[in-house]
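Asker: sequence first, predicted coordinates after that:
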Amino acid sequence: MTKLNWGMIGGGKGSQIGPAHRLGASVDGDYSFVAGALDHDPEKGRAYAQELGISADRAYGDWREMLEGERNRADRVDLVTVATPNATHYEITKAFLEAGFHVLCEKPMTMTVEEGEEIVAVAKKFGKICAVNYGYSGYSLVRHMRAMIARGDLG
Ligand SMILES: NC(=O)c1ccc[n+]([C@@H]2O[C@H](COP(=O)([O-])OP(=O)(O)OC[C@H]3O[C@@H](n4cnc5c(N)ncnc54)[C@H](O)[C@@H]3O)[C@@H](O)[C@H]2O)c1
């Protein structure tokens, strides 16, 4: 399979969830991590992206700069992960979907139901995937618990 070009917004140095995404993506081997606006501090974000192997021209200081930088590249990112604080998810996710990128947005996708419904509508309109990683549903203990409840062992 051809690797997907992948970018990240947020998930900078010292963040909680950014490393988990990068580790998870590296397990599959299906992604090339090629672009990022990783930090609210532009200089830190640029420096850390390059530390992680992203080329200088795609180590962005800001997500809007990344959107403009990636939009017209022939090798532009196929998808972005949004791993910024909750209140920023709506604006960033919407902008990337509207520019034709698939988005994996950290939970919660938005701060209100209305914003969430708008994101669903935008994703449909532009024919792009907007995924949210509810990772805990995949935990083996949660699955085991579900099976126990279904069997009548619990609950
Ligand atoms: N799925 C899960 O299990 C799980 C677990 C933890 C956190 N989260 C979610 O992940 C998101 C991030 O959480 P965290 O704990 O990693 O936060 P964090 O505060 O540790 O890290 C946030 C990162 O985003 C960067 N950032 C902030 N504003 C930015 C902007 N405008 N542009 C670019 N980068 C920006 C910060 O510099 C930092 O690097 C939250 O939405 C949180 O709810 C999900």
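Answerer: Yep, it's here. Numbering: from 1, shown residues only.

Asker: helix, strand or coil: sort out the residue minimising distance to the centre of the chain for me.
Answerer: In the chain, the residue lying closest to the centroid (CA atoms, centre = their mean) is residue 81, at 1.3 Å. At residue 81, secondary structure determined by DSSP: H, G, I helix; E, B strand; the rest coil is strand.

Asker: what does stretch 128-148 contact?
Answerer: Contact partners of stretch 128-148, identified using CB atoms under 8 Å, 6 or more residues apart in numbering, comprise 79, 93, 97, 100-109, 119-120, 122-123, 154. In short, each C-beta sits where N, CA and C put it, glycine included.

Asker: swap the cut-off to 6 Å and go again
Answerer: Contacts with stretch 128-148, where a contact means CB atoms under 6 Å, 6 or more residues apart in numbering, come from 97, 102-105, 107, 109, 119, 123, 154.

Asker: same question for stretch 4-24.
Answerer: Outside stretch 4-24, the residues within contact range by CB under 6 Å, 6+ apart are 31-39, 45, 48, 63, 77-84, 92.
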